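Asks: Everything below, folded, please.
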Amino acid sequence: MTELAKSSVFTTLRWDGGYSVAHFEEHLTRLKEHAARLSIQWPVDAREQAMSTMLSVFTNTKESNQEACVGLLRLNLNLSGEITASTRWEPVKSDSHLRISRVSATAISAPRWEAGITGCKHGDWQPYKDAATQAEERGCEIALLINDDAVVDCQSATPLLLDDDGTAWYPAPSEGALDSISLASIGGHLEREGIPLIPGRLTRNLLSRARALVAIGTGIGVVLITELDEQSIGNNPNNFANLCLESFNQALESGWTDIREESQ
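Replies: Have a look, this model is predicted:
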């Protein structure tokens, strides 16, 4: 399990379907940091490799044949120092970029690895895919990953909880949570609106008094979690979620990088 986890590291970026990706520098920085945690050597030409493989993939990728979908690009670094890229289209609700989507969640035990591995986007990602499958089998859209009676992650996003005192909590990296680029992109906006972000433990008690619970991620954007295993969550269903969605869209709009221009 440890050997497989340390075999590669990856990051997933939002892609516009053309030649641009969002938050490129932040993703490249996180990829490098996670590679170091997994003892994967960082190539001296990593940036050049990343841009070259992205351009090649973009040139040979067809447009989506679906009306409502999000473009995603995965950058992967293996033990040989090779960076590869692949694209995919992720179906979404047609109005999800304009109006908040409401979803239900289920609690699933969080996968764990040794210190330093948990919280990285590493080569042993199958347990997260399995969590998504389990959630779907239970009729839910989101799996909240639980460790030591606290929410430490989602299978494809980061949970963000609005407490009854107006503060917003997210799982701390010390709890094994992934450091979220999407969450970091909206943090400043929320704080300017008077909502400080606090890393910590999303305990059962915190969930019970939550005004709202959202999940934020590169692929899903922002969704509002209204139920956890058929128990209602929150009493402020739209205000906070809409603010997060607005912040996400603003950060996305200003976060695009045209890889053709960067490679010149």
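
Asks: could you point out which element follows the helix or strand where residue 243 lies?
Replies: Taking DSSP states H and E as the criterion, residue 243 maps to helix 239-253. Under the assignment DSSP H and E, the closest C-terminal helix or strand after helix 239-253 is strand 256-258.

Asks: Who are the packing partners of the helix holding residue 243?
Replies: Contacts defined by 3 or more CB pairs under 8 Å, 6 or more residues apart in numbering; DSSP states H and E place helix 239-253 against helix 181-192, strand 212-217, strand 221-228. From N, CA and C alone the C-beta is placed, and that goes for glycine too.

Asks: angle of the second one against strand 221-228?
Replies: For strand 212-217 and strand 221-228, the angle between their directions (axes from the mean of the first three to the mean of the last three CA atoms, to 10 degrees) works out to 140 degrees.

Asks: Contacts for strand 212-217 next, please.
Replies: Here strand 212-217 makes contact (CB atoms under 8 Å, 6 or more residues apart in numbering) with 103, 105, 142, 154, 156-162, 180, 182-183, 186, 207, 222-225, 228, 233-234, 236-237, 239-241, 244, 248.

Asks: same deal with the last one?
Replies: Residues external to strand 221-228 that are found in contact with it (CB under 8 Å, 6+ apart): 70, 92, 96-97, 100-107, 141-142, 144, 157, 159, 207, 212-216, 232-234, 237-238, 241, 244-245, 248-249.

Asks: ok so, going back, can you say which of the helices and strands packed on helix 239-253 is packed in most?
Replies: The highest mean neighbour count among these, using mean count of other CB atoms under 10 Å, belongs to strand 212-217: a mean of 25.

Asks: Tell me where the stretch 1-150 of the chain has helices.
Replies: 2-5, 24-37, 46-59, 126-137 (DSSP state H, counting those that start in this stretch).

Asks: pLDDT weak spots in the stretch 1-150 of the chain?
Replies: 1, 63-67, 93-98 (pLDDT under 70).

Asks: and with 80 instead?
Replies: 1, 61-68, 92-99, 115 (pLDDT under 80).

Asks: Looking at the helices and strands packed on helix 239-253, which is nearest to residue 128?
Replies: strand 212-217 (11.7 Å; CB to CB).

Asks: between that closest one and helix 239-253, how many degrees?
Replies: 20 degrees.

Asks: list the buried ones in the helix holding residue 243?
Replies: Neighbour counts over helix 239-253 (16 or more other CB atoms under 10 Å) mark 240-245, 247-248, 251-252 as buried.

Asks: from the residues you listed, which single one is nearest residue 171?
Replies: Set against residue 171, the nearest of these by CB to CB is residue 244 (15.9 Å).

Asks: The closest one - nearest residue in space that isn't next to it in sequence?
Replies: residue 222 (4.7 Å; CB to CB, 6 or more residues apart in numbering).

Asks: What's opposite the one you found in the beta bridge?
Replies: Note on residue 222: beta-bridge partners by DSSP bridges are residue 216.

Asks: So which residues make contact with the helix holding residue 243?
Replies: Under CB under 8 Å, 6+ apart, the answer for helix 239-253 is 14, 22-23, 97, 99-100, 160, 162, 168, 182, 185-186, 189-190, 193, 195, 211-212, 214, 216, 221-224.

Asks: Quick check: the residue nearest to residue 244 vs residue 104, distance?
Replies: Look at residue 222 and residue 104: by CB to CB, to the nearest Å, they are 16 Å apart.

Asks: And for residue 57?
Replies: Residue 57 is 35 Å from residue 104, where distance means CB to CB.
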